[in-house]
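# Quick one: sequence plus predicted model below, questions after.
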Amino acid sequence: MNIAIIPARGGSKRIPRKNIKEFLGKPIIAYSIEAAIKSNLFDQVIVSTDDLEVAQVAKIYGAEVPFMRPSELSDDYTGTNDVVKHALNWFLEQGISVEYACCIYATVPFLRVQYLQDGLEQLQRHNKSFAFSVTSYPSPVQRAMMIKQNGVTMLYPEHSNTRSQDLEETYHDAGQFYWGRAESFLNNEKLFSQLSFPVIIPRELVQDIDTIEDWNQAKLIYKILQHE
């Protein structure tokens, strides 16, 4: 059995009610739910939430909410893996065996079905514990700088004169989805390690949405992509 787990607590300080805030015509969580369902990869698409309104919205767009997440797993300090483990343990308690789980964030309107499908395919093909979305940095991190009181300091001074084209490309977590074997999540295996396979997402499809500025920028990008 494969399941999608979409964490979506009710609280959000910087963007109030972010997970169900309207994003160009529908709640932003709807984009994640619809992509998961459309992928045909999952026996169940569930939303893990502590909030009744979030649960109601999730059900309208086709997700299941088989349990309510406890308050101790719904604060600002709860890690994503704790939420995934809670969901997987719930299934175990019901006598349901899960082979693969995919944690999909609730605020990823740029999520594409093809990358979800690629994630599971690569996870199985390469016999890894996890497969998750990454994207490349737009500028070489080897030429990063820190601003100090006495001026600017390079983080990697050995590359102060290295041409950008001679530096190895680097990547960061795209924050869209995390495929994994159920036992790997439950055993707290390391995500950022040789146990994982990267699914590379184009930079134009990646946008963190943590502030109102992020939100507005995401709307502009989405509109542009819709007209390409």
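Thanks, I have it. Remember, predicted model here, so these are calculated numbers, not experimental data.

# residue boundaries of the strands in the chain?
2-7, 22-23, 26-27, 44-48, 100-104, 130-136, 145-148, 151-154, 171-181, 196-200 (DSSP state E).

# Compute the inter-axis angle for the fourth one and strand 100-104.
I take that to be strand 44-48. When axes from the mean of the first three to the mean of the last three CA atoms, to 10 degrees is applied, the directions of strand 44-48 and strand 100-104 differ by 50 degrees.

# between strand 44-48 and strand 2-7, what angle do the directions make?
Using the same axes, to 10 degrees, strand 44-48 lies at 20 degrees relative to strand 2-7.

# what's next to strand 44-48, contact-wise?
1, 3-8, 29, 33, 36-37, 54-55, 58, 62-67, 69, 83, 86-87, 106 (CB atoms under 8 Å, 6 or more residues apart in numbering). From N, CA and C alone the C-beta is placed, and that goes for glycine too.

# Any of those residues buried? List them.
3-8, 29, 33, 36-37, 54-55, 58, 63, 65, 67, 69, 83, 86-87, 106 (16 or more other CB atoms under 10 Å).

# how about stretch 150-159: buried residues?
Of the residues in stretch 150-159, those buried (16+ other CB under 10 Å) are His159.

# CA atoms of that stretch as PDB?
What follows is stretch 150-159, C-alpha atoms only, in PDB (Å, rounded to 0.1, in the frame of the first residue of the first chain):
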ATOM      1  CA  ASN A 150      34.000  45.500   9.500                       C
ATOM      2  CA  GLY A 151      32.900  44.600   6.000                       C
ATOM      3  CA  VAL A 152      32.300  41.600   3.800                       C
ATOM      4  CA  THR A 153      33.900  38.200   4.300                       C
ATOM      5  CA  MET A 154      33.800  35.300   1.800                       C
ATOM      6  CA  LEU A 155      32.500  32.000   3.200                       C
ATOM      7  CA  TYR A 156      34.900  30.100   1.000                       C
ATOM      8  CA  PRO A 157      37.900  32.500   0.400                       C
ATOM      9  CA  GLU A 158      39.800  29.900  -1.600                       C
ATOM     10  CA  HIS A 159      37.200  30.500  -4.400                       C
END
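
# Mind listing residues that contact it?
For stretch 150-159, using CB under 8 Å, 6+ apart, the contacting residues are 140-146, 160, 167.

# Run the chain-centre distance for that stretch.
32 Å (CA atoms, centre = their mean, to the nearest Å).

# Quick check: the closest residue to Ser160 other than its chain neighbours vs Pro16, distance?
Closest residue to Ser160 apart from its sequence neighbours, by CB to CB, 6 or more residues apart in numbering: Met154 at 5.4 Å. Going from Met154 to Pro16 by CB to CB, to the nearest Å gives 39 Å.

# in this protein, which residue is closest to the centre?
Closest to where the C-alpha atoms of the chain average out (CA atoms, centre = their mean) is Gln176, at 2.8 Å.

# and that residue, how far is that from Thr162?
Where Thr162 is concerned, Gln176 sits at a distance of 31 Å (CB to CB).

# Kindly report the same for Glu22.
46 Å.

# Neighbour count: the two, which is higher?
Between Glu22 and Thr162, counted using other CB atoms under 10 Å, Thr162 has the larger neighbour count: 13 against 10.

# Just list the residues touching that one, thanks.
142-143.

# Over to Ile29?
Residues in contact with Ile29, defined by CB under 8 Å, 6+ apart, are 6, 8, 19-20, 47, 54, 57-58, 61, 106-107.

# can you rerun that using 10 Å?
Each residue near Ile29 by CB atoms under 10 Å, 6 or more residues apart in numbering is listed here: 6, 8, 18-21, 23, 47, 49, 54, 57-58, 61, 63, 104-109.
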